[in-house]
Each structure stands twice: as structure tokens, then as C-alpha cells.
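> for reference, the sequence and a predicted model appear below.
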Amino acid sequence: MKIKSVTKKRPTGHARRRRKVRVAIIGVGNCAQSLVECVQYYQNAAENATVPGLMHVNVGGYHVRDIEFSAAIDINKTKVGKDLADAIHAHPNNAVKICKVPRTGVIVQRGMTHDGIGMYLKDMVIPAKGDSVDVVQLLKDTRTDVVVNYLPVGSEEATKWYVEQVLEAGCAFVNCIPVFIAREKYWQRRFARAGLPILGDDIKSQVGATILHRTLTNLFLSRGMKILRTYQLNTGGNTDFLNMLERARLRSKKISKTNSVVSQINNKGLSIKPENVHIGPSDYVPWQKDNKIAFIRVEALHIGDIPMELECRLSVQDSPNSAGIVIDAVRLAKLGLDRKLSGALKGPSSFLFKSPPIQPTDDEAWRMTDQFIKKYGWR
């Protein structure tokens, strides 16, 4: 769907402030911890500095320090009612600590549960007592610009419920999980009609298993190699991996990761049989905590049909690996709001997410995103 410009009044009725990016978080887990800490860590970064994990310190007129956290929603009794700075370190979060975050004044509110708690999390995540906050009113009262979805994998019902609240409140939406919203025509039309931008789906980390696998795939293809079989196996010890032991909740994640890699083969007019591709989270190892270990294997043929095999191992702190991507995403979403763009922001989504509306190569996705900033950024 083509991004279109609209002139109708925002549903919230409040004026957009150009110099700040007001961000609400749904799901105060490890990824939220890393996002909040990284925003704090780079408060004083020089405008022209090269920061690992960010496209730019200043994206289209917005410095990292222009991100303000306006609201936070969770259901866990260990987090609800606490200041966001404290809640990001509450059990069962176990991401590496990047820096100390001063009190934010943002109190974590009780959200709706829906299907947010899987069978393996029910003994670890105990819902807080009390009713859910009025999400629409919360977003309006806090003058939220962008809502970031960090719900657990497999939260189909909960994600779609929150999307409805975001649309009614008139906010941009950044969908970090593999529940397909931004790539689906139905939701693209809904955001287009509301005059709101959306980015997604399923965050693509700075250098994670998927981006590495895509890069290796494109390397083989660019050198004329025929890929016969490939796999990607991942283990980790955070609640995301524990949750994904439930195979029914894992379905969308496997689709997202598989399509992200296979799309690069399809882009060359080639194909690979589904039975020859296995990509997805594999097991939960508690003592790994937020450390993710990925094993990637590619079997191919080169000249003379001579076989070649490649295997590699990646070890990375999982949640910080995505923080810079989300810092860029919320600033790009704010530019979309500023410029009255609506529907899926295809260029930025293709660079920052595994399952965007379109799947160009990563180099082309970067170019499209850079052009987006140059076209819509404030000078």
C-alpha cells in the first residue's frame, strides 16, 4: 500500500510537538529495559558521533535525548505500580545492565492480559490485582506520539486489542513482535484511514541471527553459489525463549524468521524447498539468561557441482541488540506523524524489521530509509 498524505485532524485532538518524541511501552520486559537504558546512555552523544547500533545520533532533527517515555503498561505484579526506572529491573528481567536510569515519573499501569501469558510463563508472571487502565485515555492524557509493542511472542489477541486502542488514541505504532500487523493489508488500510503511520513487524536486531543469516545468504547468491539446505538454531535463557517452548506460540516467529531469509533467495528469482530450510528458536537454557547463541549452517554447490558447507556460531546479548533499532524506529515514526504520513512506512520497516510489507536486500532497505530521513526530516 502506498504511503499517502492526509490532512484530517488527528484523533487525539492535541498538537504534535516537533522537538520531543513521546513514547509509550507495552510490555516492560528485557527489551524495554535495554531501550530505556540506551536512551539514557546516549543523552549527551555528539550530533556527529558514530554510535554503535544507531543510523544517526540525530535522525531527521530528533536527537536520542528527544525521546521521552510517556507511559508504560504491563500485567506482572512485580512491575505494575512501580516507576519505570525500577520496573525494568524487576523479576523476571535478566538483561545486562547498561547504565543507571534516574526516576522517570512514569508509573507502570496494569494492562489487559488476553493471551499474553503462555503456559510456561504462568508460574513466573503473576498478574497484578485490579482492573486494566483505560489505555486510550492514558495515551491521550500523556500526549503519547508513538506506542512500542513489546508483548510476548504469540500474543495475537492482545496485540490486536492494543492496536485498536492505539488507533483510537491517534498514535503511531511500532510493532516489535511477530504478530503480523504492518505487513497485512487490512491493518495498513486501518492506519491509512486513521491518518497514522505504522512500522513493523518483528524487530531485526543490530547484528543478530537473522541479519547474519540474510547476509550469508546474499553473499552465497552474489558469488553464484546454489544454496541446497540451511538452518538456524537459537538458544537463550530469557522469558522470550521460555515462552517459545510452547510450539503454538512459536508459529508466527518461525514464519517471520524463515521468510526473512528465504525472501533473499526469492529476490534472485530462485527458490528453495521448504523442507530444506529450518529457522527458528530451538531451546531454553536458563543459565544463558539474556545471552542468545545461534548456530547457522549453509550447504551449497559451487562450480562443477562441488559441495561446500559453512557453519558459524553467534553469541550476543539479545535485548540490547534490538535497542538501537527501536530508538531509530520511534524517531522515524515521529517523522511520519510530523509529515502526516499514513499506513505502513515501507522503507524504514524493511530496514528495521524481519517481516515488513516488502523484503528488499538490506543494502537497498538502508538506502530507502536514508532517503526517507532526507525527504521528511526537519532541517
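Arrived safely, thanks for sending. Numbers count the residues shown, from 1 in each chain.

> please enumerate the strands of the stretch 101-250 of the chain.
Applying DSSP state E, counting those that start in this stretch to the stretch 101-250 of the chain gives strands spanning 109-110, 146-149, 172-175, 197-199, 226-236.

> between those strands, which gets nearest to residue 99?
Among those, the nearest to residue 99 by C-beta to C-beta is strand 146-149 (19.5 Å). Placement of C-beta: from N, CA and C, glycine included.

> now residue 204, nearest residue through space, not along the chain?
Using C-beta to C-beta, 6 or more residues apart in numbering and skipping the chain neighbours, the partner closest in space to residue 204 is residue 354 (4.9 Å).

> and the residue lying closest to residue 44 once chain neighbours are set aside, which of the three is it?
In space, and not counting its chain neighbours, residue 44 is closest to residue 65: 7.4 Å by C-beta to C-beta, 6+ apart. Recorded secondary structure, residue 65: helix (DSSP: H, G, I helix; E, B strand; the rest coil).

> so how far is residue 34 from residue 65?
Applying C-beta to C-beta, to the nearest Å, the value for residue 65 to residue 34 is 17 Å.

> re the thing from before, count the residues that sit near the residue nearest to residue 44.
Residue 65 is flanked by 16 other residues according to other C-beta atoms under 10 Å.

> what of residue 284?
18.

> pretty sure it contacts residue 240?
No. Using C-beta atoms under 8 Å, residue 284 makes no contact with residue 240, being 9.1 Å away.

> before we move on, back to that, got the contact list for the residue nearest to residue 204?
When contacts are counted by C-beta atoms under 8 Å, 6 or more residues apart in numbering, residue 354 touches 178, 201-204, 210, 256-257, 259-260.

> out of those residues, name the ones that lie in helices.
Judged by DSSP state H, the contacts of residue 354 include 210, 256-257, 259-260 as members of helices.

> how about those residues, which pair is most distant?
Counting by C-beta to C-beta, the most remote pair of those is 210 and 259, 10.2 Å apart.

> higher neighbour count, the two?
Using other C-beta under 10 Å, the more surrounded residue of residue 210 and residue 259 is residue 210, with 23 against 17.

> for the more buried one, what are its contacts?
Counting by C-beta under 8 Å, 6+ apart, residue 210 makes contact with 204, 232, 257, 260-261, 354.

> the helices in the stretch 51-200 of the chain, which residues?
84-87, 135-141, 156-169, 185-194 (DSSP state H, counting those that start in this stretch).

> most distant residue from the middle of the chain?
Going by C-alpha atoms, centre = their mean, the residue of the chain most distant from its centre is residue 304, 42.1 Å out.

> coming back round to it: mind pulling up the pLDDT for the residue nearest to residue 204?
On pLDDT, residue 354 comes in at 96.

> that one and residue 177, how far apart?
Residue 354 is 10 Å from residue 177, by C-beta to C-beta.

> name the residues contacting each of the two.
Common neighbours of residue 354 and residue 177, using C-beta under 8 Å, 6+ apart, are 201-203.

> now, among those, which is nearest to residue 300?
Distance ranking of those against residue 300, using C-beta to C-beta, places residue 202 first at 26.5 Å.

> that closest one: neighbouring residues, count only.
Neighbourhood size, residue 202 [other C-beta under 10 Å]: 27.

> so it sits against residue 256, correct?
Yes. If you go by C-beta under 8 Å, residue 202 and residue 256 touch, sitting 4.4 Å apart.

> which residues are in contact with each of those two?
Common contact partners of residue 202 and residue 256 (C-beta under 8 Å, 6+ apart): 178, 354-355.

> pLDDT weak spots in this protein?
For the chain, applying pLDDT under 70 flags the ranges 1-18.

> follow-up on the earlier one: may I ask which two of the contacts of residue 210 are separated the most?
The distance between the two most remote of those (C-beta to C-beta) is 13.6 Å, for 204 and 232.

> the stretch 201-350 of the chain: helices as residue ranges?
209-222, 239-243, 247-266, 320-338, 346-352.

> for the residue nearest to residue 44, give me its contacts.
Taking C-beta under 8 Å, 6+ apart, we find residue 65 in contact with 39, 42-44.

> and the gap between it and residue 308?
Noted for residue 65: a distance of 48 Å to residue 308, by C-beta to C-beta.

> if we can go back for a sec, got CSV for the contacts of residue 65, with neighbour count too?
Shown next, in CSV, are the contacts of residue 65 (neighbours: other C-beta atoms under 10 Å):
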residue, neighbour count
39, 23
42, 22
43, 11
44, 9
